[in-house]
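> pasting the structure only:
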């Protein structure tokens, strides 16, 4: 029997057609002959389906079409888009042309164009996520986002900037839209746009909505800046003059900081929604900002998200899109990028996002300090720093593609954002100290990001360029300074900049207003720096700090706290138990459920509740106040 099976399998394999990998043409910096016509039908909002038709100029012979794989702001290969790409058919002169996917490059499609054919018709659909488990929701009954990287095939063998595309889109009736593309016509239901190269197209998403509002953030300026709002409900669009003025001040403070701009116009694309779930992404002439419906109506309690998102994505027009790490200047969207300088790309942007958030009035200075305390505490307790350097975390988007982590405090995540921010605070305060307050990181921002005003093409840089530019502002051993912080292992976070700013990290028994807002926004209860655990609204463990009392007691994600000292769990009850244990030195008893199992666990912890905050260091200059002060 075994011999017969072996013979049968041998015969099958010898008869089965083999699909051999083909060479994907290497990109050459030349112009693609002709313009690709791209039509997107975005009207099927009920089923969340985008329908795509392309007309691609071709010559007879082999052709390789590529579906974009790498996206600059994601810092990693596209996660899930290829699985949602479906229904591909190729044809010419109404005759079907068979295609074959490359077995070693899933984003490459090979075909042979018959003699006499000058254009290839490509039809496919993008099945955007129906539920959050499938990915970010980008189409709802009230709004949608057109992300061109998910809606285009392009020919291999060319740089992206050498491939010209003429885009057009159809939206639901009476919907309004906005984006960086220049509209050239709107005959009937189809919006047509000026032809752009593929690089610019993919960097220019469109937002459309049933309830839509456009606000001019720089009235009368030669270079327009708009806040484009799409909302779940019309009342969510209501913004007070004070709120709009803060966004306008952000634009002006950015101009004063950098002394330049690198766009013809800029659009803050904002989705105010509890259903649309695309969080945010930077672009050269626009920024995507996914916020809750209460962005304006609950303004005072959402301050941290404005600087983490709105100002952050805006600053990326300078840091990331214009000045760009040299190892991310790839020829097209199917060549791998390297992320070694994300501590500049994202870390410096995080720093400036918070600084300009405070300078513009988007966020109160007190909230900025409290947010900085939360960041300092988080990384001062990041146990994973003992084995993994900050520099290595720049590989995290590629390693993990932003999936949730079970032990973030030990594994480390994309720490180059916020720990990177602490490093740039360190740099800023060091420059101020060395120069007797005559210079600051503001001077570096102008000299490094503010060059070549009006230029659109990205300008690359290396680690040596960063060091040299800092030395031009303030001579110092910046190579050693940065290398120590990027490659070091602590102990503790790089908090010298905080100390030099005149503040120190301490812990109190009551949360700051910032911490309260974060807990309310995330719907969690934070016991991270006491027991070492964060719980969601149902009592389920959301995170456990490595080597904390909770960790040593065997807790992890997946457990739910059912009872505390014999009483049904409530956050207030656990807070009371932690406070009591500090006085009576008794263990805290938790009844836990994991799936269908229950267990009782005792935690020996007697140091009370702990929440991070900043405290002034007597006799030192308050450099945070100077950093957050608006530029005149």
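Okay, I see it. All of these numbers come straight from a predicted model, not from anything done at the bench. Numbering: from 1, shown residues only.

> Point out where the stretch 1-150 of the chain drops to low pLDDT.
The model of the stretch 1-150 of the chain has pLDDT under 70 over residues 1-21.

> domains for the protein, by residue range?
What automatic domain parsing lists as the domains of the chain is 1-209, 334-348+365-504, 513-611.

> thinking residue 25 is in contact with residue 64, fair?
Yes. Residue 25 is within contact range of residue 64, at 5.9 Å (criterion: C-beta atoms under 8 Å). Heads up, the C-betas are built off the backbone N, CA and C, glycines and all.

> With neighbour numbers in mind, choose between these two.
residue 64 (20 against 15; other C-beta atoms under 10 Å).

> Output the domains of the chain as JSON lines; include the columns distance to residue 284.
Below are the domains of the chain laid out as JSON lines (distance: least, C-beta to C-beta, whole Å):
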{"stretch": "domain 1-209", "distance to residue 284": "5"}
{"stretch": "domain 334-348+365-504", "distance to residue 284": "7"}
{"stretch": "domain 513-611", "distance to residue 284": "30"}
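
> how about these, which one is nearest residue 625?
domain 334-348+365-504 (7.4 Å; C-beta to C-beta).

> model confidence over that closest one, on average?
In this model, domain 334-348+365-504 has a mean pLDDT of 96.

> what about it, how long is it end to end?
One end of domain 334-348+365-504 sits 46 Å from the other (C-alpha to C-alpha, to the nearest Å).

> residues touching the nearest residue to residue 304 once chain neighbours are set aside, list them.
Leaving aside its sequence neighbours, residue 304 sits nearest to residue 371 (C-beta to C-beta, 6 or more residues apart in numbering; 5.5 Å). By C-beta atoms under 8 Å, 6 or more residues apart in numbering, the contact list for residue 371 reads 304, 307, 354, 363, 514.

> circling back to that earlier point, deepest in the core, which of the domains of the chain is it.
Mean neighbours per residue, mean count of other C-beta atoms under 10 Å, is largest over the domains of the chain for domain 334-348+365-504, with a mean of 19.

> any idea where the strands of the stretch 401-550 of the chain begin and end?
Per DSSP state E, counting those that start in this stretch, the stretch 401-550 of the chain carries strands over the ranges 459-461, 503-508, 524-527, 533-536, 541-544.

> could I get those strands as a markdown table with distance to residue 444?
Supplementary listing: these in a markdown table, determined by distance: least, C-beta to C-beta, whole Å:
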| stretch | distance to residue 444 |
| --- | --- |
| strand 459-461 | 12 |
| strand 503-508 | 22 |
| strand 524-527 | 35 |
| strand 533-536 | 36 |
| strand 541-544 | 35 |
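
> wait, which of these is closest to residue 148?
Minimum separation from residue 148 across the strands of the stretch 401-550 of the chain (C-beta to C-beta) falls at strand 459-461, 23.4 Å.

> roughly how far out does whichever strand or helix holds residue 200 sit from the chain middle?
Taking DSSP states H and E as the definition, one finds residue 200 inside helix 198-202. Between the centre of helix 198-202 and the centre of its chain there are 19 Å (C-alpha atoms, centre = their mean, to the nearest Å).

> what's in contact with the next helix or strand along the chain from that helix?
Next along the chain after helix 198-202, taking DSSP H and E as the criterion, comes strand 206-209. With contact meaning C-beta under 8 Å, 6+ apart, strand 206-209 is reached by 42, 142-146, 169, 171-172, 175-179, 181, 228, 230-231, 269-271, 288.

> and those, which of them are in helices?
Taking DSSP state H, every one of the contacts of strand 206-209 sits outside helices.

> that older thread, let's see which of the contacts of residue 371 end up in helices.
The helices, defined by DSSP H, take in 304, 354, 514 from the contacts of residue 371.

> Now do the contacts for residue 510.
Neighbouring residues of residue 510 by C-beta under 8 Å, 6+ apart: 609, 611.

> can you check the one 5 residues further on too?
For residue 515, the set of contacting residues under the criterion of C-beta under 8 Å, 6+ apart consists of 370, 374, 526, 611-612.

> quick one, helices of the stretch 51-200 of the chain?
Secondary structure of the stretch 51-200 of the chain, counting by DSSP state H, counting those that start in this stretch: helices at 81-84, 198-202.

> Looking at the strands of the stretch 401-550 of the chain, which is nearest to residue 403?
Nearest to residue 403 among those is strand 541-544; the distance by C-beta to C-beta comes to 14.9 Å.

> Give me the helices and strands touching the closest one, please.
Packing partners of strand 541-544 (3 or more C-beta pairs under 8 Å, 6 or more residues apart in numbering; DSSP states H and E): helix 408-411, strand 533-536.

> Pairing partners for it, with directions?
Its sheet considered, strand 541-544 pairs with strand 533-536 (antiparallel) by DSSP bridges.

> Can you give me the separation between the nearest residue to residue 476 once chain neighbours are set aside and residue 630?
Closest residue to residue 476 apart from its sequence neighbours, by C-beta to C-beta, 6+ apart: residue 434 at 6.2 Å. From residue 434 across to residue 630, the span is 24 Å (C-beta to C-beta, to the nearest Å).

> ditto for residue 172
For residue 172, the distance to residue 630 - C-beta to C-beta - is 42 Å.

> same deal with residue 536?
Applying C-beta to C-beta to residue 536 and residue 630 gives a distance of 38 Å.

> just to revisit the earlier point, Throw the ones in helices among the contacts of residue 371 into TSV and include pLDDT, thanks.
Below are those laid out as TSV (pLDDT from 0 to 100):
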residue	pLDDT
304	75
354	96
514	93
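
> I'd like the helices and strands packed on strand 541-544 written out as a markdown table, with distance to residue 567 added.
Shown next, in a markdown table, are those (distance: least, C-beta to C-beta, whole Å):
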| stretch | distance to residue 567 |
| --- | --- |
| helix 408-411 | 29 |
| strand 533-536 | 15 |
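
> between the ones you listed, which gets nearest to residue 132?
Among the helices and strands packed on strand 541-544, the nearest to residue 132 by C-beta to C-beta is strand 533-536 (15.6 Å).

> before we move on, back to that, overlap of the contact sets of residue 25 and residue 64?
Contact criterion C-beta under 8 Å, 6+ apart; residues shared by residue 25 and residue 64: 156-157.

> Residue 459 reaches residue 320, doesn't it?
No. The criterion here is C-beta under 8 Å, and residue 459 misses it with residue 320 at 11.5 Å.

> Residue 65 versus the nearest residue to residue 95 once chain neighbours are set aside, what's the distance?
Leaving out its chain neighbours, the residue that sits closest to residue 95 by C-beta to C-beta, 6+ apart is residue 114, at 7.6 Å. Going from residue 114 to residue 65 by C-beta to C-beta gives 16 Å.

> With residue 242 instead?
Relative to residue 65, and taking C-beta to C-beta, residue 242 is found at 51 Å.

> before we move on, what about residue 627?
Residue 627 sits 50 Å away from residue 65, going by C-beta to C-beta.

> what helices or strands is the helix holding residue 200 leaning on?
Using 3+ C-beta pairs under 8 Å, 6+ apart, helix 198-202 sits against strand 164-170.

> Could you name the helices and strands sitting against the strand it packs on?
strand 35-44, strand 190-193, strand 196-197, helix 198-202.

> let's go with 10 Å and repeat that
Helices and strands touching strand 164-170, by 3 or more C-beta pairs under 10 Å, 6 or more residues apart in numbering; DSSP states H and E, are strand 35-44, strand 49-57, strand 143-146, strand 183-185, strand 190-193, strand 196-197, helix 198-202, strand 206-209.

> would JSON lines of those with distance to residue 428 be doable?
Shown next, in JSON lines, are the helices and strands packed on strand 164-170 (distance: least, C-beta to C-beta, whole Å):
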{"stretch": "strand 35-44", "distance to residue 428": "44"}
{"stretch": "strand 49-57", "distance to residue 428": "44"}
{"stretch": "strand 143-146", "distance to residue 428": "35"}
{"stretch": "strand 183-185", "distance to residue 428": "41"}
{"stretch": "strand 190-193", "distance to residue 428": "41"}
{"stretch": "strand 196-197", "distance to residue 428": "37"}
{"stretch": "helix 198-202", "distance to residue 428": "33"}
{"stretch": "strand 206-209", "distance to residue 428": "34"}
